[in-house]
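Student: dropping the sequence and predicted coords here.
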Amino acid sequence: MTFFVRGTYPHNLSSTAMAMSSSFCPRLPVQFGTKPIFHIPTKPSFSLSFKALSVQASYGSSGKEELRVGFLGLGIMGAPMAQNLIKSGCDVTVWNRTKSKCEPLINLGAKYQSSPQEVAASCDVTFAMLADPNSALDVAFGENGAANGMAPGKGYVDVSTVDDTTSKLISARIKDTGASFLEAPVSGSKKPAEDGQLIFLTAGDKSLYETVAPFLDIMGKSRFYLGDVGNGAAMKLVVNMIMGSMMAAFSEGLLLSEKVGLDPNVVVEVVSQGAINAPMYKMKGPSMIKSQYPTAFPLKHQQKDLRLALSLAESVSQSTPIAAAANELYKVAKSHGLSDQDFSAVIEALKAKLQQ
Ligand SMILES: NC(=O)C1=CN([C@@H]2O[C@H](COP(=O)(O)OP(=O)(O)OC[C@H]3O[C@@H](n4cnc5c(N)ncnc54)[C@H](OP(=O)(O)O)[C@@H]3O)[C@@H](O)[C@H]2O)C=CC1
Ligand SMILES: O=CCCC(=O)O
């Protein structure tokens, strides 16, 4: 498979060209256990514009044709990801359960189909960014699901955060049709999605990984290929298990500081200058102190990820007491109606009024 990239790019260097340039972006095989991992940083870690970049591939015997890209699920993450593809000049067809969310993308030039099946049937590769395992399964092989529109030569890329069992089920069903499957959950939230700075954690068909790499590079800054289906899902759950516990611990610290008469804003500053600095503390701390939780990563999804990570840990008898305790806090927050707030609203679960 050969890729051709047309259009302009900062410094006249396309993302694909950057990915292939050994001086800019070396391919780094890393040993993890016995499995090879390929990590490809594809952009500098600052935001770039991708005007007029589009991706073509030569495939089959028909010469060069532009790949048609489907996108299913236009929530907080899916909408900006699809938007970046459209703005880069890709041929994009969208579908979302709530049709109104398709309108802004159609206005930008996307095509529309009225079911996942029709999107998959009309596209070469179809991305899915769905809420959870149930919705990912439903969209992949429910009634009018994408699997019904798949066929040999097509590809399905699930970028939702799900567990390995779900991902393997979707993979098997898609591959039954003769199509290829890649799981590619993302690290990075709403802003990185808008800025094309996501980190893709991929596993599955290597040839599909290579086919969609130029699209991943439009939506993200970096991509890891982790081998067999399930490894991408597991990597994502490990990362989000750590993140959920970090946010719960940070919440405890902020509230304790206030109780003992410290200024929590100073706590945020001190943390940000030390070894436990994390961008999310500086980003979310000031609004948490004001009890404001503008949603980037919905709390219900963080609790879902902790639940799935705990189940993964259970499957290998790994003790995870910190994550289990954090999960309980997110459940308390959910039971108080905070599901659709940002996950930083977990701090509310520690406030006395919610614990009565
Ligand atoms: N937000 C974030 O920071 C990040 C989220 N993620 C993960 O990405 C995925 C999407 O997250 P996000 O965009 O934030 O979530 P949203 O809740 O904003 O979007 C969820 C999407 O799933 C669709 N959906 C939900 N249930 C169904 C169903 N039964 N059938 C069909 N479609 C359904 C929604 O459709 P509708 O519009 O009709 O409700 C919507 O398109 C999740 O797995 C999340 O864990 C990963 C990295 C970061
Ligand atoms: O799954 C959500 C991850 C959010 C992030 O990585 O900032």
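Tutor: Cool, the structure landed. Residues are numbered from 1 along each chain as shown. Ligands and ions are numbered 1, 2, ... in the order given.

Student: near ligand 1, which residues of the chain show up?
Tutor: Contact residues (C-beta under 6 Å from any ligand atom) of the chain with ligand 1: 73-78, 96-98, 101, 129-132, 135, 138-139, 160-161, 186, 189-190, 296-298, 301. (Each C-beta comes from the backbone N, C-alpha and C, glycine too.)

Student: of these, buried ones?
Tutor: 73-78, 96, 101, 129-132, 135, 138-139, 160-161, 186, 189-190, 296-298, 301 (16 or more other C-beta atoms under 10 Å).

Student: the residues of the chain next to ligand 1 also near ligand 2: which ones?
Tutor: For ligand 2, the contacts drawn from the residues of the chain next to ligand 1 by C-beta under 6 Å from any ligand atom are Thr161, Ser189, Phe297.

Student: so which of those residues is the closest to ligand 2?
Tutor: Closest approach between these and ligand 2, by C-beta to the nearest ligand atom: Ser189, at 3.7 Å.

Student: after the one helix or strand Met283 maps to comes which helix or strand?
Tutor: Element membership for Met283, per DSSP states H and E: helix 279-289. As assigned by DSSP H and E, the chain's next helix or strand after helix 279-289 is helix 299-315.

Student: average pLDDT for that next one?
Tutor: For helix 299-315, the mean per-residue pLDDT is 99.

Student: is the longest helix anywhere in the chain positioned near ligand 2?
Tutor: For the chain, the helix that runs over the most residues, judged by DSSP state H, is helix 231-259. Yes. Shown here: helix 231-259 in contact with ligand 2 (C-beta under 6 Å from any ligand atom) through Asn240.

Student: how many neighbours does the closest residue to Met235 other than its chain neighbours have?
Tutor: Setting aside the residues directly before and after it, Met235 is nearest to Leu201 in space (C-beta to C-beta, 6 or more residues apart in numbering), at 4.6 Å. Leu201: 26 surrounding residues under other C-beta atoms under 10 Å.

Student: same question for the one 10 residues further on.
Tutor: Residue crowding around Thr211 was assessed by other C-beta under 10 Å; the count is 22.

Student: do the one 4 residues further on as well
Tutor: By the measure other C-beta under 10 Å, the count of residues near Phe215 is 25.

Student: Ile276 too?
Tutor: Using other C-beta under 10 Å, Ile276 is surrounded by 13 other residues.

Student: if I look at the nearest residue to Leu308 once chain neighbours are set aside, how far off is Leu312?
Tutor: Leaving aside its sequence neighbours, Leu308 sits nearest to Asp163 (C-beta to C-beta, 6+ apart; 4.4 Å). Counting by C-beta to C-beta, to the nearest Å, the gap from Asp163 to Leu312 is 7 Å.
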